[in-house]
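S.K.: Need a 3D model of the following:
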Amino acid sequence: MMKNISLLLSIQFLVYLGFGIIIPVLPEVVVENQWNDVHVGGLLTVYALASFFTAPFWGNISDKIGRKPLILVGLVGFSLSFLIFSLFIDHLFILYLSRFIGGLFSGALYTSVTGYISDVSTNENRNKYMGLMGMTIGLGFIFGPAVGGVLGEIQLHLPFTISAALIAVLFIIALILLKEPERKGEATKRELLPKGASTLFKYRVRYLFFFSFFVTFILAGVEATFQLFQIDRIDITPSQLGSLFMFSGFVDAFVQGGIIRRIKDGTETKWLFAAQIISAIGLVLITMTSGLVMAGVALCVFTAGNALARTCVVSLTTKESGGKYGLASGLSYSMDNLGRIIGPLFFTGLFNFGTNLTYYVATVIALIVIGLIFFFKQSKKSLRAEYEG
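M.R.: Alright, predicted model coming up:
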């Protein structure tokens, strides 16, 4: 079984490596072709849209035709999306098409891989394997920008050509080695608003869902505009940007793995206050960038605050869900995805009106969002209290 699990983790790693690869290259492509900066946000958004809204469809298909066939289809489509991007890197419409295809088939891979892991695991070890999958996804996010930056320095299309080739090789390995599992359940279907969401929105946990949205909304905005800002400010290269994102990725991992577990029950709201203040400081520091080191420090400060907020709010949300852990997690995921869909477009559009303005607005939003935690604390309508009482 571990052979199959290792192969599945490799698939997830390459999917999220592929998402990260584009971060330091996409703005360079847009700038070189003299397209409007908003297309950076557009190309990020179309991927998230395609992945998010088609996932329930892929989940149904996975349940009907099996996990392995859909994994193979997903790998072919995902590899094709990178190949198209590489071959038509100067054609804006086709780039949008390639990103749509990439998002479409990443949704197929997510649902089929998680469904496969659910099928081959037991209640006792499922958390372990899902945790490994989460760690693998995180590593993809960490190393993707670094790989994209280094390869993009050689030729802008090279990261996508190599990604297409690696995924094609993975397809051959999966075709030969991966076995269809014995079906135990359904694939993970990510819905826009999970069934039963209206119940949770009647309680104070709703403030945490909105908080999750804004935290990811700001993060997605930074991912979309940071390189554009630094190109204008210090003429940053894709390789330099990839290194900064990789380093900030390790900061993210340290916060999630080293700090979050030390937070005591009942103190989460204090940490969320602190997280937003730290994020706001990082956003202001970005506007003060005068060199590569300063850019890295600013990005890491923002990342530390954002990682603390994202992880802490998920933990608090599950505690406030009154035992509805799956529903709460699904709804948090939905709000995160909406932030990733809307954030890039909003902030790249704002970027056209002023580079500093983008980060000043993000700072104000980060501070205003603290009000949601205040409303959460003031509300007495707690599903957790009813559940435990």
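S.K.: Low-confidence regions, the chain specifically.
M.R.: In the predicted model of the chain, residues 1-2, 122-127, 130-131, 134, 183-197, 257, 260-261, 323-327, 329-330, 383-389 satisfy pLDDT under 70.
S.K.: So which residues of the stretch 101-250 of the chain form strands?
M.R.: Taking DSSP state E, counting those that start in this stretch as the criterion, the stretch 101-250 of the chain carries no strands.
S.K.: Show me where it has its helices.
M.R.: 126-154, 158-177, 197-200, 205-234, 238-254 (DSSP state H, counting those that start in this stretch).
S.K.: which stretch among those helices comes nearest residue 364?
M.R.: Residue 364 lies closest to helix 205-234 among the helices of the stretch 101-250 of the chain, at 10.5 Å (C-beta to C-beta). Where C-beta positions appear, they are placed from N, C-alpha and C, glycine not excepted.
S.K.: Residue nearest the middle of the protein, spatially speaking?
M.R.: By C-alpha atoms, centre = their mean, the chain has its centre lying nearest to residue 340, at 7.2 Å.
S.K.: so it touches residue 221, yeah?
M.R.: No - in this structure, residue 340 is not within contact of residue 221 by C-beta atoms under 8 Å, at 9.9 Å.
S.K.: sorry, back to before: how about CSV for the helices of the stretch 101-250 of the chain, with distance to residue 319 and mean neighbour count added?
M.R.: Shown next, in CSV, are the helices of the stretch 101-250 of the chain (distance: least, C-beta to C-beta, whole Å; neighbours: other C-beta atoms under 10 Å):
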stretch, distance to residue 319, mean neighbour count
helix 126-154, 17, 19
helix 158-177, 38, 18
helix 197-200, 13, 15
helix 205-234, 9, 23
helix 238-254, 22, 21
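S.K.: Please parse the protein into its domains.
M.R.: Using automatic domain parsing, the domain parsing of the chain gives 2-177, 197-388.
S.K.: just to revisit the earlier point, the helices of the stretch 101-250 of the chain: which one's closest to residue 10?
M.R.: With C-beta to C-beta as the criterion, residue 10 lies closest to helix 158-177 of the helices of the stretch 101-250 of the chain, at 6.4 Å.
S.K.: That closest one: how far from the chain's middle?
M.R.: Relative to the centre of its chain, helix 158-177 is centred 22 Å away, using C-alpha atoms, centre = their mean, to the nearest Å.
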